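*Asks:* any chance you can model this:
(chains A and B)
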Amino acid sequence: MQPFSKHTGLVLPLDRINVDTDQMVPKQFLKLQTKQGFGRVLFYDWRYLPGEKPNPDFILNQPRYKGASVMLARANFGCGSSREHAPWAVADYGFRVLIAPSYADIFYNNCFKNGILPVTLPDEKVEDLFKRAEKEPGYSLTADLPNQTISDAHGLNLKFEIDNFRKHVLLEGLDDIGLTLKHEAAITAFEQARHPGATMYEPVDAKYSPNQQ
Amino acid sequence: MNPRTMYRKIWDAHVVHEAPGEPSLIYIDRHLVHEGTSPQAFTGLKEAGRKVRRPDLAFAVMDHSVPTKNRNLPILDEAAMGQFSALERNCRGAGITLFDMFSHNQGIVHVIGPELGITQPGQTIVCGDSHTSTHGAFGTLAFGIGTSEVEHVLATQCLSQYASKTMHIVVNGKRTKGVSAKDIILAIIGKIGIAGGTSRVVEYSGEAIRALSMDGRMTVCNMSIEGGARAGMIAPDHTTFAYMEGRPYVPRGKAFQEAVERWKALATDPGAKFDATVTLDASKISPQVTWGTNPGMVTGVTDRVPDPASFHEADDQKAAARALEYMGLKAGTLVVDIPVDRVFIGSCTNSRLNDLRAAARVVAGKHVSKTLKEALVVPGSMSIKAKAEAEGLDKIFRDAGFEWRDAGCSMCIAMNPDVLPPGERAASTSNRNFEGRQGKDSRTHLVSPIMAAAAAIAGHFVDVRDWNVDATE
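*Replies:* Numbering: from 1, shown residues only, chains lettered A, B, ... in the order given. Coordinates of the predicted model:
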């Protein structure tokens, strides 16, 4: 995974609460079998008119936000479906930092697997950032993970909280599976003590079933 | 030992490793897999040179993109076909049980898990699908995960997790005739909001929950995620045990009796503390209809579409105004005056045998409205379909003008050809009314199976209580 330490970028203020993952990547793109290329379809139905013509009313298409890499969002960002295609699209488009008052659990968790830093700030701080971003063309923010700060060029400096373990994993770009496999002995011991199994007592109409008693 | 919640008991029994300042490593008893969120996980494993650790604990099924008719014909959707081939190849390679689209046991992943007895009380269950919360109806800790975590579970049979906070939702009293399990959970979401359960595991209890069949309990737990919760669960009891006995993966005879004794001990101890408690009175819940673009935008069938100005927060006012515009609705319209174009009875929320029986009682001897463009019944599994046919439900639905389909996710997510066209309005028994969920620019109203059935007959929403039909699912 791509490590995250410090990032400065143009801010996109997405002024909607409860943005769900169906909006980030609509269902028709869930049939792709790669993790790449989803940036093109991020916010597809909001972003494009028929014929994939960019919808000028949608903020992502406005010239002043071209190249944005910090997304400012409202409460409960990423609710709904567990689809990791959503953070894949966010990252593939070029966003490295999200700032919102709150996130839905699964989406929040998925961000850390994809080198995205989801920053949580209180409502009033997020509201203030919205005002600054909307007022000043080219408004940029810097997210500093080691120091846990969000800052701008005008002296704004906000501290944010983040779980230490997740911070460590993101800073180092660590592989979660590799971390878990360090506990291979504990996993084996658990299995030997508890014998988790799934025995089939009556035939089912399945292919490749290894569970027949 | 201190009194523990059911959640804590299941958690404690699955800790493989824990250390201060780190998430715990939790063992996963059952991993359910479908074609939509798994290909990248198998690819990741292969690229890293890793193997599936416990193929015997994984169960795969094709559900999200499968057609619900003419399965004998070639599938023209090449991308969907690619997913099916990938799932088949990956399961064959790893030795994972697969229910393909021609299996008599095929169905929606959250329907067939319980139906086959793969789901059992006390387990940890995950799936790359947010409605995994459904399995909590059996007293399991079951939650949805992303594809990276699907890969993690395939490789290690564990997940790295922090313990969640807990929320106790108590539904007291008896529901009135015509009120369904779906109405209970929609009313709960209306009360706590769609982020009300965020970072919490919910336990449902109370007289109205106890009175539900397993099908009804699954409906309630299914939509826990729609209230933002990580998982939802209900303590197993005699209803649970009676449902489970004799299912293909459930132990028999003495072993079953011993399992029941263990399962009984899962219930939350008296005096155990929850981080939050919410109480509802079932007798005050009316049939619910969503009017907006998330499941929390819901009201009673006798109410009116709300005025955005009636919301306190500016964000909520904006969201409501936008939702009404998207839905093509005017504030103040009576819910019963909203016409519907199509009706969908199906999805992992409401496609089980008791759901279909209840809907059939509504439509028996009647016919769908002439104004209706389509009415679909999509059973949750091929096994439910067969049982329903043995009872003659298919004939009741067909005679009433419904289409009777094969099992799958269908119009809930519209990844197959069952799509709600732009601008059209559906009464749907599914779980999400997000913008574009059932098709681009389509308009979804979430309701119970009997409310959907009644709307199909009338051509608009009606208060199904006036029809004097038994809602019991």
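
*Asks:* what about the strands in chain A?
*Replies:* Using DSSP state E, the strands assigned to chain A run over residues A:6-13, A:48-49, A:53-54, A:70-72, A:97-100, A:117-120, A:140-144, A:149-151, A:157-159.

*Asks:* export the ones you listed to TSV and tack on distance to chain B, mean pLDDT and mean neighbour count?
*Replies:* Any C-beta I mention is one placed from the backbone N, CA and C, and that applies to glycine too. Formatted as TSV, the strands of chain A follow (distance: least, CB to the nearest CB, whole Å; pLDDT from 0 to 100; neighbours: other CB atoms under 10 Å in any protein chain shown):
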stretch	distance to chain B	mean pLDDT	mean neighbour count
strand A:6-13	13	98	19
strand A:48-49	10	97	14
strand A:53-54	15	97	10
strand A:70-72	14	98	25
strand A:97-100	11	98	24
strand A:117-120	11	98	22
strand A:140-144	21	98	19
strand A:149-151	21	98	17
strand A:157-159	20	98	13
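
*Asks:* where does the most centrally placed residue in chain A land on pLDDT?
*Replies:* In chain A, the centroid-proximal residue (CA atoms, centre = their mean) is residue A:111; its distance is 3.1 Å. In this prediction, residue A:111 carries a pLDDT score of 98.

*Asks:* I figured it hits residue A:105, correct?
*Replies:* No: checked against CB atoms under 8 Å, the pair residue A:111 and residue A:105 is beyond contact range at 11.1 Å.

*Asks:* that older thread, which residues touch the residue nearest to the centre of chain A?
*Replies:* Counting by CB atoms under 8 Å, 6 or more residues apart in numbering or on different chains, residue A:111 makes contact with A:78, A:87, A:90, A:98, A:103, A:117-118.

*Asks:* same question, residue B:165
*Replies:* Applying CB under 8 Å, 6+ apart, the residues near residue B:165 are B:199-201, B:275-276.

*Asks:* can you report how many residues neighbour the closest residue in space to it that isn't next to it in sequence?
*Replies:* Spatially, and ignoring its direct neighbours in sequence, residue B:165 is nearest to residue B:275 (4.2 Å; CB to CB, 6 or more residues apart in numbering or on different chains). Look at residue B:275: counted by other CB atoms under 10 Å in any protein chain shown, it has 13 neighbours.

*Asks:* show me what the top helix by length along chain B is packed against.
*Replies:* Identified as the longest helix of chain B according to DSSP state H is helix B:78-94. Applying 3 or more CB pairs under 8 Å, 6 or more residues apart in numbering or on different chains; DSSP states H and E, we find helix B:78-94 packed against strand B:30-34, helix B:39-47, strand B:58-61, strand B:97-99.

*Asks:* any chance of these in CSV, with distance to residue A:46 and mean neighbour count too?
*Replies:* Listed next are these as CSV, based on distance: least, CB to CB, whole Å; neighbours: other CB atoms under 10 Å in any protein chain shown:
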stretch, distance to residue A:46, mean neighbour count
strand B:30-34, 27, 26
helix B:39-47, 24, 19
strand B:58-61, 32, 28
strand B:97-99, 36, 26
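
*Asks:* how about JSON lines for these, with distance to residue B:121 and mean pLDDT added?
*Replies:* Formatted as JSON lines, the helices and strands packed on helix B:78-94 follow (distance: least, CB to CB, whole Å; pLDDT from 0 to 100):
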{"stretch": "strand B:30-34", "distance to residue B:121": "12", "mean pLDDT": "98"}
{"stretch": "helix B:39-47", "distance to residue B:121": "27", "mean pLDDT": "97"}
{"stretch": "strand B:58-61", "distance to residue B:121": "17", "mean pLDDT": "98"}
{"stretch": "strand B:97-99", "distance to residue B:121": "21", "mean pLDDT": "98"}
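
*Asks:* ok, of the contacts of residue B:165, which come out buried?
*Replies:* Buried subset of those (neighbour count, 16 or more other CB atoms under 10 Å in any protein chain shown): B:199-201.

*Asks:* near chain A, which residues of the stretch 251-400 of chain B show up?
*Replies:* Within reach of chain A by CB under 8 Å from any CB of the partner chain, the stretch 251-400 of chain B has these residues: B:251-252, B:294, B:315-316, B:318-319, B:322.

*Asks:* the same query, at a cut-off of 7 Å, please.
*Replies:* B:251-252, B:294, B:315, B:319 (CB under 7 Å from any CB of the partner chain).

*Asks:* ok, so of these, who is nearest residue B:113?
*Replies:* residue B:251 (16.6 Å; CB to CB).

*Asks:* that closest one touches residue B:260, doesn't it?
*Replies:* No: contact criterion CB atoms under 7 Å: residue B:251 and residue B:260 do not qualify, at 9.8 Å.

*Asks:* how close does residue B:336 get to residue B:461?
*Replies:* The gap separating residue B:336 from residue B:461 is 5 Å, by CB to CB, to the nearest Å.

*Asks:* overlap of the contact sets of these two?
*Replies:* Jointly contacting residue B:336 and residue B:461 under the rule CB atoms under 7 Å, 6 or more residues apart in numbering or on different chains are residue B:301.

*Asks:* who has more neighbours, the two?
*Replies:* The neighbour comparison of residue B:336 against residue B:461 (other CB under 10 Å) goes to residue B:461, with 23 against 17.

*Asks:* if anything else comes up later, I'll come back, but that's it for now.
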